[in-house]
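**Q** here is a sequence with its predicted model. Questions after.
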Amino acid sequence: MFSCTRSGCIKEVDIDAKQSATLSIDLDNLWCYQRSFGIKGWETYPSFLEIALPRILDFLDQHELRLTVFIVGRDAENCALQSLLSECSQRGHEIGNHSYDHAIDLHDLPKETILADIKRAEVSIQNATGQKPRGFRGPAFGISKAMLEVLQECDYIYDTSSLPNSLGMLARWYQRTQSANLKTETTLNNHLYGSLAECWQPLKPYTLITNMGRIVELPVSTLPLLRLPFHGTYINYLADRSEFLANIYFHMAFSLCRTFNITPSFLLHATDFLGSDDSVDVHYIPGMRKTSQEKIALMSRIMKRYSQLFEIRPLISQVNHLNVESLKQIVPKFN
């Protein structure tokens with residue numbers, strides 16, 4: 001049963017019986033968004049992480065949270081960012097690989113190109129943070145047979161590029177519409193952000209089987225049954241239209257995960273800590289109407305509820321707690 005208040009709907013649950021849950025953040029930088037929306041000047045690699053990352057790290061300390069930070073390799077080579085990225089590791093967070101160049105078609109490229117990208121990112125990230133990544137998330141949730149084989153060759157323990165959601169088509173439409181408004185060009189295939197064929201993939205951890213062996217897949221969570229996304233950016237998008245609706249939505253999402261015994265994997269982005277008052281023009285990204293303080297306050301409410309209901313840990317910690325032998329095994333089929 002749900003009880004509704006002005007702050008949203010809260011399911012009556014026994015919060016003493018906590019299930020495990022994971023938390024991660026993708027540090028997609030300003031140039032990554034500009035590149036994906038076809039905005040000129042991205043080749044100079046402008047950054048907003050100098051603004052966002054100190055807020056993120058202080059926020060995580062304030063809420064006593066440890067998570068997985070997925071870093072783009074090119075940013076790890078940026079001398080102006082290296083001390084900040086190193087601080088992620090120093091403050092106890094797991095470091096993950098989010099590719100070197102954040103090319104949204106990386107998974108569709110030849111295997112040798114994928115290998116070179118992932119290895120270069122790995123070296124850059126380890127040099128900047130002192131941690132060798134053991135997990136990978138593909139740009140725009142892209143995944144392929146070649147990419148999985150590369151990860152296995154490079155001894156990655158898990159992949160978390162799966163986002164089994166029913167709104168991938170709308171996400172692609174949104175990006176094309178915004179690019180049209182910006183008078184830019186963007187190239188998107190029909191599988192980015194999740195296709196209908198991938199919509200009903202498992203929400204619980206499983207193993208993917210290839211000719212190279214197996215690798216654990218940790219899907220980014222979507223709403224059970226409806227498969228609607230509930231990552232931070234999506235909730236911020238809802239809050240721009242109705243904060244009451246956003247509160248209802250994240251309470252319901254967490255409660256449904258408990259009901260269906262799903263370990264939620266909640267995803268944040270650096271833009272979840274940037275607002276309309278910041279000196280960075282990212283109005284084309286969903287969820288950017290509110291000020292930074294308003295968005296951080298919303299993230300605080302989400303994390304407080306998340307912490308009430310679940311025992312939150314980084315992704316590698318979750319993998320270490322899994323009985324991998326008992327996980328469902330899937331031989332992936334790719335178009």
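**A** All right, it came through fine. Numbering: from 1, shown residues only.

**Q** only C-alpha atoms for contact and neighbour calcs from this point on.
**A** Will do.

**Q** surely Thr22 is in a strand?
**A** Yes: using DSSP: H, G, I helix; E, B strand; the rest coil, the assignment for Thr22 is a strand.

**Q** and it, how many residues sit next to it?
**A** Using other C-alpha atoms under 10 Å, Thr22 is surrounded by 25 other residues.

**Q** contacting residues around the residue nearest to the spatial centre of the chain?
**A** Centroid-nearest residue in the chain, with C-alpha atoms, centre = their mean: Leu267, separated by 4.1 Å. Taking C-alpha atoms under 8 Å, 6 or more residues apart in numbering, we find Leu267 in contact with 23-26, 220, 231-232.

**Q** correct me if wrong, but it is in a strand.
**A** Yes: counting by three-state DSSP, Leu267 is part of a strand.

**Q** check what pLDDT it gets.
**A** As predicted, Leu267 sits at a pLDDT of 98.

**Q** in strands, which of the contacts of Leu267 appear?
**A** 23-26 (DSSP state E).

**Q** list buried residues within these.
**A** Neighbour counting with 16 or more other C-alpha atoms under 10 Å marks 23-26 as buried within those.

**Q** dump the residue contacts of Arg55.
**A** Phe273.

**Q** so which strand or helix has it?
**A** helix 49-62 (DSSP states H and E).

**Q** got the CA coordinates for that helix in PDB?
**A** Extracted C-alpha coordinates of helix 49-62, given in PDB (Å, rounded to 0.1, in the frame of the first residue of the first chain):
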ATOM      1  CA  LEU A  49      33.600  18.700 -14.200                       C
ATOM      2  CA  GLU A  50      35.600  21.400 -12.300                       C
ATOM      3  CA  ILE A  51      32.200  22.700 -11.200                       C
ATOM      4  CA  ALA A  52      30.300  19.500 -10.800                       C
ATOM      5  CA  LEU A  53      32.800  17.000  -9.300                       C
ATOM      6  CA  PRO A  54      33.600  18.900  -6.000                       C
ATOM      7  CA  ARG A  55      29.800  19.100  -5.400                       C
ATOM      8  CA  ILE A  56      29.400  15.400  -6.100                       C
ATOM      9  CA  LEU A  57      32.200  14.300  -3.800                       C
ATOM     10  CA  ASP A  58      31.000  16.500  -1.000                       C
ATOM     11  CA  PHE A  59      27.400  15.300  -1.500                       C
ATOM     12  CA  LEU A  60      28.500  11.700  -1.300                       C
ATOM     13  CA  ASP A  61      30.500  12.300   1.900                       C
ATOM     14  CA  GLN A  62      27.600  14.200   3.400                       C
END
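
**Q** so which of the buried ones among the ones in strands among the contacts of Leu267 is the closest to Thr160?
**A** Ranked by distance to Thr160 (C-alpha to C-alpha), those are led by Ser24 at 10.1 Å.

**Q** beta partners of the closest residue to that closest one other than its chain neighbours?
**A** Nearest residue to Ser24, sequence neighbours excluded (C-alpha to C-alpha, 6 or more residues apart in numbering): Thr68, at 4.5 Å. Beta-bridge partners for Thr68, by DSSP bridges, are Ser24, Glu94.

**Q** in the stretch 151-300 of the chain, where is pLDDT below threshold?
**A** 187-192, 194-195 (pLDDT under 70).
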